[in-house]
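>>> Sequence and predicted structure are below.
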Amino acid sequence: MVRIACTLLLGLSMMRLPAQEVLRGEVRVDLEPVYGEYVDAIYPLDTESAHRRALEEAALCYSAMIYGWSFEYDMGEPARGIDEGFELSSLGTIPFGDQGLFVTDAQVRDRRLYLWTDYRLNEAQKRRMGIWKSGKVQTVQAIGHGPLGGPVEVADWLSIKKAALEDAAQGAVRAMLQGSARNRPKEVRGYIGLSRFPTYWMDAGQWAAGARFRVEITEMVPFGAY
């Protein structure tokens with residue numbers, strides 16, 4: 001944790017590694033966060049709080065890129081009185097202070113912190129990334145939303161952004177299956193992960209997350225099975 005914080009404060013650039021060994025992404029943190037009618041619990045953000053939020057969000061994104069989620073999606077059928085259902089299960093997380101996470105650049109512009117990071121993959125993580133790049137995986141883009149919840153502490157702030165990202169994941173799976181309306185399955189199972197860092201913004205009083213996902217469908221259960 002200390003090493004990462006010091007790297008950020010000094011703006012130290014790390015040596016570039018081959019593309020297959022490193023992931024990269026940018027996080028943006030408002031230093032004077034006002035969301036709709038709410039003012040953040042910490043206002044304005046001090047340097048330490050802004051840095052921590054940026055690193056926590058980066059760890060969340062790298063977790064979703066490397067490990068992702070398994071999902072079970074019941075598409076529902078209004079005509080038969082069957083509700084839609086969607087469940088995500090995380091397949092792994094990268095903790096704050098992980099030794100593979102490095103800050104490569106940090107700038108403050110227009111009261112916003114822009115943070116670029118690299119994540120150096122270990123051997124097991126390289127193998128996982130290889131699975132995401134297989135021929136069975138499709139790429140889908142979607143937008144999701146999460147509630148504001150009013151003034152929040154750091155942990156709750158991250159959970160709210162995570163909720164918007166997971167809602168986008170559900171939208172991505174739904175978008176993949178829109179073309180199968182005539183022969184729609186009852187249930188779909190598979191895996192989904194981020195393709196790149198998402199973009200967040202405020203939309204009608206909610207957090208919005210725009211993200212591109214990698215999706216692999218492993219099982220489709222037709223209505224005829226019931």
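On my side now, so go ahead. Numbering: from 1, shown residues only.
>>> Let me see the confidence value for the spatially most central residue of the chain.
Centroid-nearest residue in the chain, with Cα atoms, centre = their mean: C61, separated by 4.5 Å. Confidence at C61, expressed as pLDDT, is 97.
>>> I'd guessed it sits against Y200; true?
No: the pair C61 / Y200 is not scored as a contact, 10.6 Å apart, by Cβ atoms under 8 Å. To be clear about C-beta, it is placed using only N, CA and C from the backbone, and glycine gets the same treatment.
>>> show me the biggest strand of the chain in terms of residues.
strand 206-222 (DSSP state E).
>>> Which residues are in contact with V215?
Residues in contact with V215 (Cβ atoms under 8 Å, 6 or more residues apart in numbering) are V137, Q138, T139, V140, A172, V173, M176, G190, Y191, I192.
>>> where do the strands sit along the chain?
Counting by DSSP E, the strands of the chain are 22-30, 34-35, 38-39, 69-74, 85-90, 101-109, 112-120, 138-147, 185-194, 199-203, 206-222.
>>> T117 touches A58, doesn't it?
Yes: using Cβ under 8 Å, T117 is in contact with A58, at 4.7 Å.
>>> what's the distance between G193 and R214?
Using Cβ to Cβ, to the nearest Å, we find G193 at a distance of 5 Å from R214.
>>> shared neighbours, those two?
Counting by Cβ under 8 Å, 6+ apart, the shared contacts of G193 and R214 are G68, W132.
>>> I143 is in contact with A169, correct?
No: the criterion here is Cβ under 8 Å, and A169 misses it with I143 at 10.9 Å.
>>> which of these two has more neighbours?
With neighbours defined as other Cβ atoms under 10 Å, A169 and I143 compare such that A169 has more, 25 against 17.
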